[in-house]
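1. got a structure for you, letters missing:
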C-alpha cells in the first residue's frame, strides 16, 4: 500500500517547488493544527526539525471564550489547537501535513481523540493561505482515494480567523510532566512513532 508520507509528499511537490523558487521562501511560516488534546500535538511538532516554535491554544471561537474552563464545555466553537512556526528551508508544509495525519492524531475520529470527547477535540487544519488550503484539501483527497485509513477522514479544513494562546500551565506540557499518566499512555508513544516513521525529521 502506498504510504501516507509518499501520498502527501507527491501531492505537494509542485507547491513546494513553487515556494522554493520565491525570494520569500526562506521566511518563517505558520501552520495551525487541531488533533485532540493539544499536549500531544504540541510535543510532536516540537520534535520536528525545522519547527522553531509550537504553542498550544484555541481556534475556531471568539476571544471571550478562549479559556480552558470554557473551551472544555465543548460549546464555544473552539478546538484545542497548536500553532506551529517553521523554517520552510528545513521542513515543508507538506511534511508537516504528513506528520499531522500519520503521527500527531487519528484523522478518522469525529469530535474525539482517544479518551477525550467533544468538539474541542476535533480534527482540523486552520489554513493561513490559499496554498495551505489547497495542500490540505488535496492531501485529504489523495489519502481518501488511496484508502489510507479504514474509516473516512473527518478533518476540517477551515480558514484561521484568530489563534489564542492557552494558559501558561498548558505550554510545553509533555516536557514538564513526562511521567504524568496521560502523557505516558497517550503522548509519549507518538514521539516514538515520529522517530521511527520520520527519522530525518526527528529532533
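-> Right, received. Where do you want to start? In this text, all values refer to a predicted model and were calculated from it rather than measured experimentally. Numbering: from 1, shown residues only.
2. can you pull out the helices in the protein?
-> Listed in chain order, the helices of the chain (DSSP state H) span residues 4-11, 13-20, 38-46, 68-71, 93-99, 130-145, 173-176, 181-182, 188-197.
3. who wins for proximity to residue 118 among those?
-> For residue 118, the closest of those is helix 68-71, at 9.0 Å, according to CB to CB. Using the backbone N, CA and C atoms, a C-beta is placed for each residue, glycine as well.
4. For the closest one, what does the pLDDT average out to?
-> Averaged across helix 68-71, pLDDT comes to 98.
5. Going by contacts, tell me the helices and strands next to it.
-> On a contact count with 3 or more CB pairs under 8 Å, 6 or more residues apart in numbering; DSSP states H and E, helix 68-71 meets no helix or strand.
6. quick one: buried residues of that helix?
-> Of the residues in helix 68-71, 70-71 count as buried by neighbour count, 16 or more other CB atoms under 10 Å.
7. repeat for stretch 131-143
-> 131-132, 135-136, 138-140, 142-143.
8. ok, residues contacting stretch 166-177?
-> If you take CB atoms under 8 Å, 6 or more residues apart in numbering as the criterion, stretch 166-177 is touched by 38-40, 42-43, 46, 55-58, 67-68, 80, 165, 183, 187-188, 191.
9. Swap in 7 Å and give it another go.
-> Outside stretch 166-177, the residues that touch it by CB atoms under 7 Å, 6 or more residues apart in numbering are 38-39, 42-43, 55-58, 68, 183, 187.
10. Residue 30: which of those residues is nearest?
-> Closest to residue 30, out of all of those and judged by CB to CB, is residue 55, at 10.1 Å.
11. which residues touch the residue most central in space within the chain?
-> In the chain, the residue lying closest to the centroid (CA atoms, centre = their mean) is residue 33, at 3.5 Å. Contacts for residue 33 (CB under 7 Å, 6+ apart) come out as 41, 81-82, 84, 100, 104, 125.
12. Quick one: neighbours of the closest residue to residue 78 other than its chain neighbours, just the number.
-> Nearest residue to residue 78 in three dimensions, chain neighbours excluded: residue 61, at 3.8 Å (CB to CB, 6 or more residues apart in numbering). Residue 61 has 19 neighbours, counted by other CB atoms under 10 Å.
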